[in-house]
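Trainee: My questions are about this predicted structure, shown below with the sequence.
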Amino acid sequence: MFRDRLDRDDYTGDTDSTTRGLRGRLKRLRQLVAKYRRADKIQKALLEISNAAIRASSLSEFYSFLHQQLKNVFAADNFYIATYDPLARQFAIPFFADEMDSHPSELYPDQDLNELLVKGMTGYVFRTRTSLLADNDKYQQLLAKGEVIGLGSDCHQWLGVPILSNGVTTGVLVVQSYDEQTLYGEAEVELLEFISQHISGVLDRLEQQEQLGRAIAQRTQELSQAYDKLKDEVSVRRKAEALQKSLYEIANLAAAKLDDTSFYQQIHRVLNHLLPANNCYIGLLNAQGDKISFPFYMSQQGTPHPLPRLRQDGLTEYLLGQRRPLMLGNQDIKRLIDEGVLYRQSPRLNNTDLIHQWIGVPLFIQGKVMGVLAIYSFNEHHSFAPGDMELLTFVSQHIATAIERKLSAQSLRQSYEQLENKVEARTRELARTNQELEKEILQRRKIEQQLIYDANHDGLTGLPNRMMFMERLEQACKHMRRHPLDKFAVLFIDLDRFKLINDTLGHLEGDRFLIQTAKRLKTCIRDCDTLGRLGGDEFVILLDTIHHTDDVHEISERVLAELAKPYQLDQHHFFSGGSIGVAIATAHDTSESMLKNADNAMYQAKSKGKGCYVIYDPKQPGTVAAETGLSEELRQAIKTSAIGLQYLPIYDLTKMRLIALEARPFWQHPTRGKLHHASLNDIAEQANLQKELDLLTLKMLSEEYSQLARVYHKPQIQLSICSLHGKQKQSMEKLRRTLADAQFPAQYLWLFFHEKQLVQDTENHINMFDNLSKQGVKLGLYGYGTSYSSLSSLSFMPVSAIRLDPSFAAHLDNSHHYKLAKASSLAAAELDLQVFATGIAEPDTHRKFIEMGVIYGQGPLLGSSIEMLEHQESA
């Protein structure tokens with residue numbers, strides 16, 4: 001009644017303040033009720049979806065149920081799911097419901113569905129891994145930027161959220177609205193995101209169920225087929241037994257002392273057991289082949305037994321001329337008569353017009369067609385099958401043999417011998433099949449054992465691989481936790497000059513080098529120790545049960561001594577060596593920490609000049625604990641611009657004229673002294689400060705360029721930067737702004753990127769190169785020759801120069817290395833790429849680079865780095 005009163009007040013326009021307050025409260029209550037009803041509906045829908053995830057027996061069933069539940073919550077009539085198969089790298093749309101468009105595969109039948117989805121809104125959400133609620137304006141913006149392409153009918157709103165599984169995008173959920181009255185908001189976005197968070201596991205489980213179901217169905221089908229095949233084999237076996245029995249009877253008839261009439265009657269009796277032969281006759285040619293007799297004849301029409309006659313043009317003569325089995329119907333016979341093939345001379349015999357079907361097979365006697373065996377029917381109720389002709393053909397051979405045996409006892413004995421030979425051959429074949437089956441089982445066991453071995457061993461050296469070594473290392477760690485006094489250690493061995501062997505002598509000699517190294521290392525360890533290969537030129541040794549640190553020293557020195565011995569490769573002596581990092585286990589170590597500590601110690605050994613070993617000590621400089629503080633110091637130095645710049649001159653090698661300067665940052669550390677370009681880059685890489693160091697270097701270069709321009713007359717500047725700037729849009733934008741703010745023309749700057757990083761991530765480099773080239777800077781690659789990138793691929797990028805790796809200059813005395821460097825420089829010249837040599841330290845190296853056509857270079861021989869004093873003072 002109160003509500004009715006309020007409603008009446010609404011209509012009567014009651015302006016009483018109390019009534020207005022009550023109406024406001026009532027309105028808010030209605031909104032709360034609507035909100036709670038929606039929340040309750042959403043909760044029920046999510047509960048139903050969760051239950052459906054458990055009950056669903058297939059993905060299609062689950063998708064359909066999910067769609068129904070979404071429609072109960074909000075306007076989701078237009079809904080589809082896109083899934084991504086990472087193995088096939090293909091998109092699919094397993095569920096699609098839309099009131100305007102049909103399924104994309106039907107809408108675009110002549111185009112690749114995967115390519116369309118990648119370029120459309122679905123691919124955009126998949127790439128960005130971020131939910132997208134787009135109206136028409138947002139959609140037009142994406143189209144204008146080239147982020148998406150237009151697909152299907154225009155909608156009012158489009159909402160898509162990614163499906164994530166273990167941090168990996170596996171699909172996209174999409175709803176869209178064509179009605180302007182239907183609007184999506186944050187509530188719908190949050191709902192779809194919540195569903196997408198839980199749907200990935202469901203999809204994985206249902207996918208596995210479907211795969212299992214398909215596997216079961218396939219196996220069931222295979223078993224069913226095998227069963228049907230077995231039944232067919234049983235049926236065939238029974239028919240074969242019946243056939244064999246009949247054949248034996250026919251063969252026995254030839255040896256029986258029967259007259260011709262009884263002989264052919266018995267043949268007909270046997271034949272009648274196999275086929276309906278109520279109408280049957282046998283015709284035989286005489287020795288001259290010009291006359292036909294009929295020793296056996298039977299017809300349901302009561303036609304008299306035909307007399308011998310000369311060859312004419314009847315059915316029997318037609319078959320003798322064809323020399324192959326024939327099955328003719330009534331229409332076939334009439335056609336042959338109308339064409340004049342049959343009965344032009346002889347009268348129509350044997351009620352030919354009444355025959356429904358006729359099967360005739362030639363009888364081969366002594367290798368010649370000497371007769372005919374024919375059966376026929378007069379009505380369609382007694383029709384023959386194609387198999388009947390095959391059976392009659394097979395039986396006819398034995399009937400012909402029986403006839404031939406009747407004429408010759410010797411032929412009879414030969415027939416028995418042939419039959420016995422067939423049985424014996426079949427027996428031998430079965431025995432041979434059994435032997436082959438036993439061999440196959442034995443071979444399969446050997447293959448299984450080999451697969452297990454291959455999974456745990458390196459294919460080249462036969463040593464335990466990373467997986468097997470880590471298992472044994474984990475066992476050693478567990479054993480030490482139970483028995484703390486049983487110490488063990490890990491040796492991490494890195495070989496020297498392995499890349500040089502591959503580059504100069506080829507990968508075959510590199511493999512031989514690794515095999516020889518494995519054999520040498522085996523002689524340095526005990527039977528209880530484990531030697532493994534992690535990959536490349538990295539070997540590891542697990543020293544089990546060491547009693548004293550002296551054991552580690554002894555084995556490490558023994559390994560270094562063996563590696564220092566010359567190798568015989570490609571008919572030359574080759575010296576290598578190695579660096580060893582040692583980690584001695586403690587009670588708190590894991591297999592991962594042990595290997596990491598040994599690897600860390602190995603890098604310390606390499607920094608000491610190679611050919612030595614270092615035992616890991618967390619308190620020593622160079623370890624992770626020590627380097628963490630150094631990283632923080634570098635971060636502070638970059639923040640306060642406490643970094644200096646040096647400039648390495650680059651010359652025209654033929655005229656010794658300076659053509660450019662390479663800018664190199666350095667760090668004057670308060671305790672470690674001057675840290676040059678290479679060391680500074682290593683520390684920046686470990687501290688993830690490479691991008692910050694590059695941006696600071698560009699800013700300092702901008703400040704110092706005016707002084708450089710006065711001294712060197714506006715020189716070209718080369719700068720090596722990392723490729724991380726192209727990984728993210730924000731980083732790329734910072735680099736572009738820094739270049740735009742520089743106080744020197746962009747055409748005077750060369751930016752060089754490492755070749756190895758280009759090979760590992762070509763797509764990001766192409767995008768970054770396009771953006772940078774638009775700003776006018778020149779682009780190049782440094783460290784060229786370390787990753788074997790294709791020069792032809794560089795011709796499609798805005799790259800103008802390559803800087804050869806210093807290893808070329810260090811090994812030009814080797815003929816193979818010289819040829820490799822020359823080939824690279826000639827190929828680059830053909831593609832109009834400028835080639836810069838680095839690391840020139842000897843006059844002979846200088847001369848050889850000029851000989852091979854490299855006219856630009858830098859190195860200790862040509863000049864040392866230059867520092868700008870003004871900048872040092874300001875710093």
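Mentor: Everything's here; your move.

Trainee: which residues in the stretch 301-450 of the chain form helices?
Mentor: Ranges of helices within the stretch 301-450 of the chain are 315-322, 330-338, 386-407, 409-456, based on DSSP state H, counting those that start in this stretch.

Trainee: Among these, single out whichever gets nearest to A75.
Mentor: Proximity to A75, assessed across those by C-beta to C-beta, is greatest for helix 409-456 (53.6 Å). In short, each C-beta sits where N, CA and C put it, glycine included.

Trainee: average pLDDT across that closest one?
Mentor: On average, the pLDDT along helix 409-456 is 81.

Trainee: cool, and stretch 500-511?
Mentor: The model assigns stretch 500-511 a mean pLDDT of 80.

Trainee: Can you show me the CA trace of that stretch as CSV?
Mentor: What follows is stretch 500-511, C-alpha atoms only, in CSV (Å, rounded to 0.1, in the frame of the first residue of the first chain):
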residue,chain,number,x,y,z
LEU,A,500,88.6,-20.2,-33.9
ILE,A,501,88.7,-23.9,-34.7
ASN,A,502,85.2,-23.9,-36.1
ASP,A,503,85.8,-20.7,-38.2
THR,A,504,89.2,-21.7,-39.6
LEU,A,505,89.2,-25.5,-39.7
GLY,A,506,85.5,-26.2,-40.0
HIS,A,507,82.9,-27.8,-37.8
LEU,A,508,84.1,-31.3,-38.5
GLU,A,509,87.5,-30.5,-37.0
GLY,A,510,85.7,-28.8,-34.2
ASP,A,511,83.9,-32.0,-33.4
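
Trainee: list the buried ones in it?
Mentor: For stretch 500-511, the neighbour count (16 or more other C-beta atoms under 10 Å) marks L500, I501, N502, D503, T504, L505, E509, G510 as buried.

Trainee: Switch the helices of the stretch 301-450 of the chain over to CSV; also include mean neighbour count and distance to S262.
Mentor: Below are those laid out as CSV (neighbours: other C-beta atoms under 10 Å; distance: least, C-beta to C-beta, whole Å):
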stretch, mean neighbour count, distance to S262
helix 315-322, 19, 24
helix 330-338, 14, 32
helix 386-407, 19, 12
helix 409-456, 11, 17
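
Trainee: about what we covered before: among the buried residues of stretch 500-511, which are in helices?
Mentor: L500, I501, N502, D503, T504, L505, E509, G510 (DSSP state H).

Trainee: nearest residue to Q747 other than its sequence neighbours?
Mentor: G776 (5.2 Å; C-beta to C-beta, 6 or more residues apart in numbering).

Trainee: isn't that neighbour right up against F744?
Mentor: No - counting by C-beta atoms under 8 Å, G776 stays clear of F744, with 11.2 Å between them.

Trainee: got the end-to-end distance for stretch 843-861?
Mentor: Its start and end residues considered, stretch 843-861 measures 7 Å (C-alpha to C-alpha, to the nearest Å).

Trainee: Give me the contact list for that stretch.
Mentor: 648-654, 659, 662, 804, 809, 812-813, 818, 821-822, 825-826, 829, 834-842, 862 (C-beta atoms under 8 Å, 6 or more residues apart in numbering).
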